[in-house]
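A.B. asks: A structural model of the following input is requested.
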Amino acid sequence: METSAPSDADLVARYLTHVRVEKRLAERTATLYALDLDKLARFAREAGVALPAVQSHHVRHWAARMHAAGRSGRGIALILSGWRGFYTWLGRQGLIGANPAQDVRAPRQPRPLPKALGVDEAVQLAEHTAEADDPWLDARDAALVELLYGSGLRVGELVGLDVASSDGAARAGRGWIDLQAAEVQVQGKGGKRRTVPLGRAAVAALECWLAVRGEGAGDAAPALFIGRRGTRLTPQSVWQRLKRRSLQAGLATPVHPHMLRHSFASHVLQSSGDLRAVQELLGHAHIG
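C.D. replies: Numbering: from 1, shown residues only. Now for the predicted structure:
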């Protein structure tokens, strides 16, 4: 006597029993699986195909439909994961030869752009005197802000700068400033060097900093930005100083180095419209 093939509803019910009883998944997880499989069964009915007969091209089409309807890439990835588990189980039952969801991937989520300061906020930060009782510290932090915002440097590039060009800087892969030419020579990612112009505000801030930099320890140190003990400033120290300065300046959001880099790129692009020039100034290998 021949037995009829189980219906789609029966297969889904059996699988949900499997995940609840044998895999002992939480009820909330099983409920989400049930919702995802309801969606799969509806797509299959609309396509006129039984669940065991679904092919990879069906799954890709349905993933594209969900994306076009506004479902996020992360949401689609979770649904596909549920479908993949169902078809893995069908394979173990000997009901399918290959998992149609195995190699289907959700659309990539667009990477959110870093937050940028408004022009007024950037000026407010740059012009703020955060340490009125400590001119040495305030001069250094003002120069930090001007270089990060005015030249779009990465924090690693910033702390790697020396006061001037030297054989030691070249061997160590460090950059330096050239105030006479109003330029900063940057050692970027992958050992790539680039020249970035210094604006008038950055040159003025650097001149003020260099005028007081030698006060105290570390006068002979090659590093452009140093701490009180004369050692090269670390990226972590720059993060802390920027956060402190931005809060003292009254900005609503604590500022970090990459925010200033993105602000530089955004404001240059707004004023010039030259995307390729912004790419070169930032030292990005790809324009994206």
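
A.B. asks: Where does pLDDT dip in the stretch 1-150 of the chain?
C.D. replies: Residue ranges of the stretch 1-150 of the chain with pLDDT under 70: 1-4, 109-114, 116-119, 122-123, 126, 130-132.

A.B. asks: all helices for it, in order.
C.D. replies: Ranges of helices in the stretch 1-150 of the chain, per DSSP state H, counting those that start in this stretch, are 8-17, 27-47, 56-68, 73-92, 119-127, 135-151.

A.B. asks: okay, these, which one's buried deepest?
C.D. replies: Highest mean neighbour count among those (mean count of other C-beta atoms under 10 Å): helix 135-151, with a mean of 23. For the C-beta atoms, the positions are set from N, CA and C on the backbone; glycine is no exception.

A.B. asks: State the next helix or strand along the chain beyond it.
C.D. replies: helix 155-159 (DSSP states H and E).

A.B. asks: helices or strands next to that following helix in the packing?
C.D. replies: Contact analysis of helix 155-159 by 3 or more C-beta pairs under 8 Å, 6 or more residues apart in numbering; DSSP states H and E lists helix 135-151, helix 235-248, helix 257-272 as its packing neighbours.

A.B. asks: For it, the averaged confidence score.
C.D. replies: Per-region confidence: helix 155-159 scores 87 on mean pLDDT.

A.B. asks: which parts of that helix are buried?
C.D. replies: Neighbour counts over helix 155-159 (16 or more other C-beta atoms under 10 Å) mark 155, 157-159 as buried.

A.B. asks: Find the nearest non-adjacent residue to Arg193, please.
C.D. replies: Using C-beta to C-beta, 6 or more residues apart in numbering and skipping the chain neighbours, the partner closest in space to Arg193 is Gln187 (5.9 Å).

A.B. asks: quick one: contacts for the closest residue to Arg232 other than its chain neighbours?
C.D. replies: Nearest residue to Arg232 in three dimensions, chain neighbours excluded: Ala223, at 3.8 Å (C-beta to C-beta, 6+ apart). By C-beta atoms under 8 Å, 6 or more residues apart in numbering, Ala223 lies in contact with 159, 161-163, 231-233.

A.B. asks: Please flag which of the residues you listed sit within strands.
C.D. replies: 161-162 (DSSP state E).

A.B. asks: Report the contact partners of Ala205.
C.D. replies: 139, 142-143, 145-147.

A.B. asks: mind redoing it with 10 Å?
C.D. replies: 126, 139-147, 150, 198-199 (C-beta atoms under 10 Å, 6 or more residues apart in numbering).

A.B. asks: which element is it on?
C.D. replies: Assigned by DSSP H and E, Ala205 falls in helix 200-213.

A.B. asks: Give me the buried stretch members for that helix, please.
C.D. replies: Of all the residues in helix 200-213, those buried under the rule 16+ other C-beta under 10 Å are 201-203, 205-206, 208-210, 213.

A.B. asks: that older thread, out of the helices of the stretch 1-150 of the chain, which comes closest to Leu251?
C.D. replies: For the helices of the stretch 1-150 of the chain, the distance to Leu251 is smallest for helix 119-127, at 5.8 Å, taking C-beta to C-beta.

A.B. asks: could the helices and strands packed on helix 155-159 go into a markdown table alongside distance to Gln55?
C.D. replies: Listed next are these as a markdown table, based on distance: least, C-beta to C-beta, whole Å:
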| stretch | distance to Gln55 |
| --- | --- |
| helix 135-151 | 53 |
| helix 235-248 | 51 |
| helix 257-272 | 44 |
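
A.B. asks: Which one, of those helices, ends up nearest to Arg71?
C.D. replies: Arg71 lies closest to helix 257-272 among those, at 28.4 Å (C-beta to C-beta).

A.B. asks: what is the mean pLDDT for that closest one?
C.D. replies: Averaging pLDDT along helix 257-272 yields 66.

A.B. asks: for stretch 178-185, how far is the first residue from the last?
C.D. replies: Distance across stretch 178-185, first residue to last, is 8 Å (C-alpha to C-alpha, to the nearest Å).
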